[in-house]
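*Asks:* model the following, please.
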Amino acid sequence: MHPDCHVVIAGSFYSVPYRHVGQVLDAHVGERIIQLFAGQELVASHERSLDPGQWHTRLEHYPASKAAYLERTPERCRAMASKVGPATSQVTETLLAERPLDRLRAVQAILRLEDSVGPRRLEAACVRALHFGDVRYRRIKQILNAALDQEPLPEAVPSFAPRAFAFARPAADFFAAIDGRQG
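*Replies:* Down below sits the predicted model:
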């Protein structure tokens, strides 16, 4: 059995309980059912695939930590983020907008930060990350570790009024008036 809790039979993948990782299992391939045995013990049964390349996975076959990862789909992550707050939701949308499967783990890691810091701090860190345009997991974690989420954001508006340019002149000073006469 492979480390991903699946065995391969006729090109299709069938899950078995994770405690059997690394073991050699026996398979009984019936017309409609695949049964997997560890010695005399039936450890899993699945409906047989008709075409190669199909996956048959049961979440209960994974350790709890891996099953939680598989349950957190992009849609579920969006729902969790919206419960935390609008900035966390925007960070999630930004990351999942492009290549969602590549960035799903980062989104899951950001949302797991709520367990250790709470929703208020996670939302404040996401506000800060959005302000500076860097919504990566690593940056949000650094903001939380340095407690920058508790600091006010820098002012976006300059504190001084813009001055008029000292040497500015109107355009008419550079061009002769055209009144129809050529000189």
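*Asks:* with adjacent residues omitted, what lies nearest to Cys126?
*Replies:* In space, and not counting its chain neighbours, Cys126 is closest to Ala87: 3.9 Å by C-beta to C-beta, 6 or more residues apart in numbering. Heads up, the C-betas are built off the backbone N, CA and C, glycines and all.
*Asks:* go on, Lys83?
*Replies:* With sequence-adjacent residues excluded and distances taken as C-beta to C-beta, 6+ apart, Lys83 is closest to Pro119, at 7.6 Å.
*Asks:* can you count the residues close to the one you found?
*Replies:* 13 (other C-beta atoms under 10 Å).
*Asks:* and what of the one 4 residues further on?
*Replies:* The tally of other residues near Glu123 (other C-beta under 10 Å) stands at 21.
*Asks:* how near is the spatially closest residue to it that is not a sequence neighbour to Cys126?
*Replies:* Leaving aside its chain neighbours, Glu123 sits nearest to Gly85 (3.7 Å; criterion: C-beta to C-beta, 6+ apart). With distances taken as C-beta to C-beta, to the nearest Å, Gly85 is found 7 Å from Cys126.
*Asks:* what about the protein, any weak spots by pLDDT?
*Replies:* The chain contains residues with pLDDT under 70 at 1-3, 65-71, 101, 156-168, 176-183.
*Asks:* next, the buried residues of the longest helix seen in it.
*Replies:* With secondary structure taken from DSSP state H, the chain has its longest helix at helix 100-117. For helix 100-117, a neighbour-count test (16 or more other C-beta atoms under 10 Å) marks 103-104, 106-108, 110-111, 113-114, 117 as buried.
*Asks:* again with stretch 15-29
*Replies:* Buried, per 16+ other C-beta under 10 Å, within stretch 15-29: 15-18, 20, 25.
*Asks:* mind checking how far it is from the chain centre?
*Replies:* Centroid displacement of stretch 15-29 relative to its chain, using C-alpha atoms, centre = their mean, to the nearest Å, is 31 Å.
*Asks:* for stretch 82-101, same thing?
*Replies:* With C-alpha atoms, centre = their mean, you get 7 Å for stretch 82-101.
*Asks:* and the contacts of it?
*Replies:* With contacts defined as C-beta atoms under 8 Å, 6 or more residues apart in numbering, stretch 82-101 is touched by 74, 77-78, 81, 103-104, 106-107, 110-111, 114, 119, 122-124, 126-127, 129-130, 135, 140.
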